[in-house]
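1. predicted model and sequence follow; I will ask about them next.
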Amino acid sequence: MNECASNQETALMTSELLVPENVEWHRVRRIRYVIHQQLRYEYPGPIYDLEQRLMILPPKEHGNQQRIDYRFEVAATDYKMVRQSDDFGNEEMMLTIPTVEQAVDFEAWIVVERSTTDTHHLVPAGWLNDARLLEPSRLTQPDDALRQAATALQNSGKRGPALVDHINEWVYEALTYEHDKTDIHTTAAEALTLGRGVCQDYAQIMLVLCRLCGLPARYVSGHMLGEGGTHAWVEVLFPLMGRPEVAMVIAFDPTHSRRAGMSYLTVAVGRDYYDVAPTSGTYRAVHRGQLSTRKRVGLTSIEYIDT
């Protein structure tokens, strides 16, 4: 069984992509992206009872982002798949494959649109007091260094989004971007001690500091135009004056010391990386598998504001 896109959107997925450097970002009204993602697991021998979880499909709606269409294919003759939503509203694909002889491939084409006509990303106000966004998770346990940093940031006198901009810049300055110094199990405290890391580490350190400052914050897994791999950033929730029923969400990217703009595409949100890992699963066998991935994110159409 393959989940298929419409003919119109399939044409968009395979059309010639636009050049990002030519985009007049300050004039964009609406922009459409295509994500092409390939994942391949290879094994030295047969494996059995594979239970695979994929979190690669963006939500139907997320702020001013909409999933327009998608196609998903599995290179296996005998499998079952269930799509479901988790507690954060993320789209999970749960696959069961009885036997894999040597390799299994997953491939997705996804069309996503973002619009500047929606000025605020709003969510129910209950998220402001949700313990999952305010308390430490497995990868965001604070240590003394993080507690001291949070106290200093709070003492700056800044509040609300201005304080988060300050935290964002602090994290950017605290780390040097470097591969192969951390992995998916590295905690925020460990990454800060190392002073090295990748986007996951930047995001999780920022989560700790926001939560210590009483700011509800969540980890974001997604894509950024021009990046080769999956990117990570942070969303912070704020009360909205005069609208007690909703909270306002603002996205920050500590890896680049800026707010996340129109070139960012959200796939999933959670407490930390463990909640939103693109791939995870279990199987029966004595040997380990090897994952290889390929991804391309490109622009298919742009609508500008008239000037």
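-> Now that the structure is in, tell me what you want to look at.

2. what's the burial count for the closest residue to G226 other than its chain neighbours?
-> The spatial neighbour of G226 that comes closest, neighbours along the chain excluded (CB to CB, 6 or more residues apart in numbering), is P20 at 6.4 Å. Bear in mind the C-beta positions are built from the backbone N, C-alpha and C, glycine included. Look at P20: counted by other CB atoms under 10 Å, it has 13 neighbours.

3. wait, P20 sits on M224?
-> No. Using CB atoms under 8 Å, P20 makes no contact with M224, being 10.7 Å away.

4. what about the residue nearest to G226? Give its phi and psi, please.
-> phi -60, psi -30 (degrees, to the nearest 10).

5. relative to L225, how far out is it?
-> The gap separating P20 from L225 is 5 Å, by CB to CB, to the nearest Å.

6. where do the contact lists of these two overlap?
-> Applying CB atoms under 8 Å, 6 or more residues apart in numbering, one finds that P20 and L225 are jointly contacted by S263, G298, L299.

7. dump the residue contacts of the closest residue to the last one other than its chain neighbours.
-> Think L299. Leaving aside its chain neighbours, L299 sits nearest to L18 (4.1 Å; criterion: CB to CB, 6+ apart). Contacts for L18 (CB under 8 Å, 6+ apart) come out as G298, L299, T300, S301, I302.

8. against V28, how distant is L18?
-> From L18 to V28 the distance is 12 Å (CB to CB).

9. what do you get for V269?
-> Counting by CB to CB, the gap from V269 to V28 is 23 Å.

10. likewise E245?
-> Counting by CB to CB, the gap from E245 to V28 is 30 Å.

11. check D201 too.
-> 31 Å.

12. neighbours of L163, how many?
-> Burial of L163 is recorded as 20 neighbouring residues (other CB under 10 Å).

13. what lies in contact with the helix or strand encompassing it?
-> Element membership for L163 (DSSP states H and E) is helix 160-174. For helix 160-174, the surrounding residues in contact (CB under 8 Å, 6+ apart) are 149, 153-154, 156, 158, 192, 195, 202, 205-206, 209-210, 213, 215, 234, 236, 238, 250, 252-259.

14. which parts of it are buried?
-> By 16 or more other CB atoms under 10 Å, the buried positions in helix 160-174 come out as P161, L163, V164, D165, H166, I167, N168, W170, V171, Y172, A174.

15. just these now: which is nearest T279?
-> Of all these, the one sitting nearest T279 is V171; the distance, using CB to CB, is 26.3 Å.

16. which non-adjacent residue is nearest the closest one?
-> Distances taken as CB to CB, 6+ apart put P254 closest to V171, at 3.9 Å, once the chain neighbours are dropped.

17. so for the nearest residue to T193 once chain neighbours are set aside, what's the pLDDT?
-> Nearest in space to T193, with sequence neighbours left out and distances taken as CB to CB, 6+ apart, is A145 at 7.2 Å. A145 carries a pLDDT score of 98 in this model.

18. okay, and A145 sits in which element?
-> Using DSSP H and E, A145 sits in helix 144-154.

19. just the pLDDT for the residue lying closest to T186 once chain neighbours are set aside.
-> Spatial nearest neighbour of T186, excluding adjacent residues (CB to CB, 6+ apart): D201 at 6.3 Å. The model reports D201 with a pLDDT of 98.

20. do S15 as well
-> 58.

21. likewise Y43?
-> Y43 is given a pLDDT of 96.

22. please look at it and I97 and confirm they touch.
-> No. Using CB under 8 Å as the test, Y43 is too far from I97 to be in contact (11.7 Å).

23. neighbour count winner among those two?
-> I97 (21 against 18).

24. that one sits in which helix or strand?
-> Assigned by DSSP H and E, I97 falls within strand 91-100.

25. so the helix or strand just after that strand versus strand 91-100, what angle?
-> Following strand 91-100 in sequence order, the next helix or strand is strand 103-115 (DSSP H and E). With axes from the mean of the first three to the mean of the last three CA atoms, to 10 degrees applied, the angle from strand 103-115 to strand 91-100 works out at 170 degrees.
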